[in-house]
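Build me a model:
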Amino acid sequence: MIKRLALITLIFFTLPCSAASLQITEAWIKNLPMSVPMRAGYMDISNNQAQTIKIEWLKSEAFARIEIHRSAEKDGMMSMHPVNVLAISAGETVRLAPGGIHLMMMNPLITLVPGNKIVVTIGYDDQSTQKIEMMVRK
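Numbers count the residues shown, from 1 in each chain. Got it, this is the predicted structure:
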């Protein structure tokens, strides 16, 4: 019995750790008419791990494509730029919010109405994934 427990413990501690453990709260999508091809997504992302976690991609069956964007003001003009990798340092919380970092959710594939919960998959640099739900709001 002790040998079996020791073997299980050894296997457990030699398995690779998964980064798919960010805490996601307040995840929501801005509702717009179907004729508008883009939606914005917002959330709070907390990293309670001991190392930096990097988000490399997001996808959903409800959208043709999802990208991370950063809004910035330069010379009085607002612009958006894609963020290829979003790194969240250990102990850090990143807020995706209007006017800053946000999700650009392109070409909805379904009709979205307030109250819908949309499943989004987050892909990390260690090849792990995490599924979250985002609420459609007015």
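
what about the chain, any weak spots by pLDDT?
Scanning the chain for pLDDT under 70 picks out 1-20.

If we use 50, what do you get?
Within the chain, the stretches with pLDDT under 50 are 5-17, 19.

what residue lies at the spatial centre of it?
With distances taken as CA atoms, centre = their mean, the residue of the chain nearest its centroid is residue 122 (5.0 Å).

Identify all residues paired with that residue through a beta bridge.
Beta bridges link residue 122 to residue 58, residue 130, judged by DSSP bridges.

Isn't it up against residue 58?
Yes - with contact defined as CB atoms under 8 Å, residue 122 reaches residue 58; the gap is 5.5 Å. Any C-beta I mention is one placed from the backbone N, CA and C, and that applies to glycine too.

sorry, back to before: let me see the contact set for the residue nearest to the centre of the chain.
If a contact means CB atoms under 8 Å, 6 or more residues apart in numbering, then residue 122 has 20, 22, 24, 55, 57-58, 129-132 as its contacts.

Now do the helices in the protein.
2-14 (DSSP state H).

Give me the longest strand you can find in it.
strand 63-74 (DSSP state E).

Take that one, keep the C-alpha atoms, and write them as PDB.
Listed next in PDB are the C-alpha coordinates belonging to strand 63-74 (Å, rounded to 0.1, in the frame of the first residue of the first chain):
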ATOM      1  CA  PHE A  63     -17.900  34.000 -33.600                       C
ATOM      2  CA  ALA A  64     -15.800  33.500 -36.800                       C
ATOM      3  CA  ARG A  65     -12.800  35.000 -35.000                       C
ATOM      4  CA  ILE A  66     -11.800  36.500 -31.600                       C
ATOM      5  CA  GLU A  67      -8.800  38.700 -31.200                       C
ATOM      6  CA  ILE A  68      -7.300  40.700 -28.200                       C
ATOM      7  CA  HIS A  69      -7.000  44.400 -29.000                       C
ATOM      8  CA  ARG A  70      -5.700  47.400 -27.200                       C
ATOM      9  CA  SER A  71      -7.200  50.900 -27.600                       C
ATOM     10  CA  ALA A  72      -4.800  53.800 -27.500                       C
ATOM     11  CA  GLU A  73      -5.000  57.500 -28.000                       C
ATOM     12  CA  LYS A  74      -2.300  59.200 -30.000                       C
END
